[in-house]
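Asker: sequence and predicted model, in that order:
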Amino acid sequence: MSRRAPGGVLRPQRLLHEATRDSARLRPPSGIGLDSPGVRMRMVERLRQLKLADDFVLSAFERVPRHRFVDSAFVPQAYEDTSLPIGHGQTISKPSVVARMLQLLAEAPGRLRGGAEVRLGRVLEIGTGCGYQAALLALLSERLTSVERIAALHHGAQARLSALKSELPLCSFQLLLADGSLGRLGVGPYDAIIAAAGGEAIPEAWLQHLAPGGRLVAPVARGAGGQRLMVVDRVRGAEGPQEWRLTECEGVSFVPLKSGVLV
């Protein structure tokens, strides 16, 4: 049994020990043990210790089995705070980075609130990848549209999310095989937009799909090969017209944003 500090919080040294033990697991990828409450909750507890997200966001991490979204060879590392390859030159992002980005969306001024129920509203995800972040979003949103340009990843995510829908109360979602850098990204406008790939600038199509009061979170290249996490809020200007307010956050590392559809 894990030792806990007063208040039920795992001690930092215990967290480090258990993270090391989790990463050393070499059991067959059957899900037995890997998806036990202890393993998944220790990942969530580490995110909570880092103060990256509140209980609203972390509730989704508690419920979505990350090991089911990675290749069997990487299942033993599924609950480490690391990015993992998913094929086709793409990766599943580190849980800490995903938590940070989802928390930024959750803190948007236009976030929907209704009694005890709090949701992100209508969400657009650019870069479905393996579908893990989409599954998290589908627990936090009113409606989700996710766009992927690589057909193999699109179909794989569709299968995983369809299977998960019978187990978790996912919102209504639509997965599109399309170029995420272009327009026609489902039926907008969207209250929240999140991107899993970064280019030299935020595409104009994304800005035009953002609803008044909405927030966009995406990586953007910032010289010398580095990227910064950018937050864009669509707000009403002093004279009435809508304008976009940009906030630059910490450095991140994402795959580059590319055009075209690979079938």
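Answerer: Arrived safely.

Asker: skipping its backbone neighbours, what lies nearest the most centrally placed residue in the chain in space?
Answerer: Centroid check for the chain by C-alpha atoms, centre = their mean gives residue 133 as the closest residue, at 3.7 Å. Nearest-residue entry for residue 133: residue 98, 5.6 Å, with adjacent residues in sequence omitted and distances by C-beta to C-beta, 6 or more residues apart in numbering. Glycine gets a C-beta too; all of them are placed from N, C-alpha and C.

Asker: show me the helices in the protein, by range?
Answerer: For the chain, helices defined by DSSP state H occupy the ranges 12-23, 37-49, 55-63, 95-106, 132-140, 151-165, 204-208.

Asker: buried deepest among those, which one?
Answerer: Of all these, helix 132-140 carries the top mean neighbour count, a mean of 25, counting by mean count of other C-beta atoms under 10 Å.

Asker: what helices and strands are in contact with it?
Answerer: helix 55-63, helix 95-106, strand 122-126, strand 143-148, helix 151-165, strand 172-177 (3 or more C-beta pairs under 8 Å, 6 or more residues apart in numbering; DSSP states H and E).

Asker: just checking, what packs against the first one?
Answerer: In terms of contacts (3+ C-beta pairs under 8 Å, 6+ apart), helix 55-63 is packed against helix 37-49, helix 95-106, helix 132-140.

Asker: hang on, the earlier thing: nearest to residue 187, of the helices and strands packed on helix 132-140?
Answerer: strand 143-148 (7.3 Å; C-beta to C-beta).

Asker: count of residues packed around residue 174?
Answerer: Per other C-beta atoms under 10 Å, the neighbour tally for residue 174 reads 11.

Asker: got any ranges where the stretch 151-263 of the chain has weak pLDDT?
Answerer: The stretch 151-263 of the chain contains residues with pLDDT under 70 at 225, 237-241.

Asker: picking up where we left off before, can you lay out the helices of the chain as JSON lines showing distance to residue 74?
Answerer: Compiled in JSON lines, the helices of the chain are given as follows (distance: least, C-beta to C-beta, whole Å):
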{"stretch": "helix 12-23", "distance to residue 74": "11"}
{"stretch": "helix 37-49", "distance to residue 74": "15"}
{"stretch": "helix 55-63", "distance to residue 74": "18"}
{"stretch": "helix 95-106", "distance to residue 74": "14"}
{"stretch": "helix 132-140", "distance to residue 74": "12"}
{"stretch": "helix 151-165", "distance to residue 74": "14"}
{"stretch": "helix 204-208", "distance to residue 74": "30"}
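
Asker: between those helices, which one is closest to residue 80.
Answerer: Ranking the helices of the chain by proximity to residue 80 (C-beta to C-beta) places helix 12-23 first, at 5.0 Å.

Asker: buried sites along stretch 213-230?
Answerer: 213-221, 227-230 (16 or more other C-beta atoms under 10 Å).

Asker: which of those residues sit farthest apart?
Answerer: 213 and 221 (27.3 Å).

Asker: how far is stretch 248-259 from where the chain is centred?
Answerer: 13 Å (C-alpha atoms, centre = their mean, to the nearest Å).
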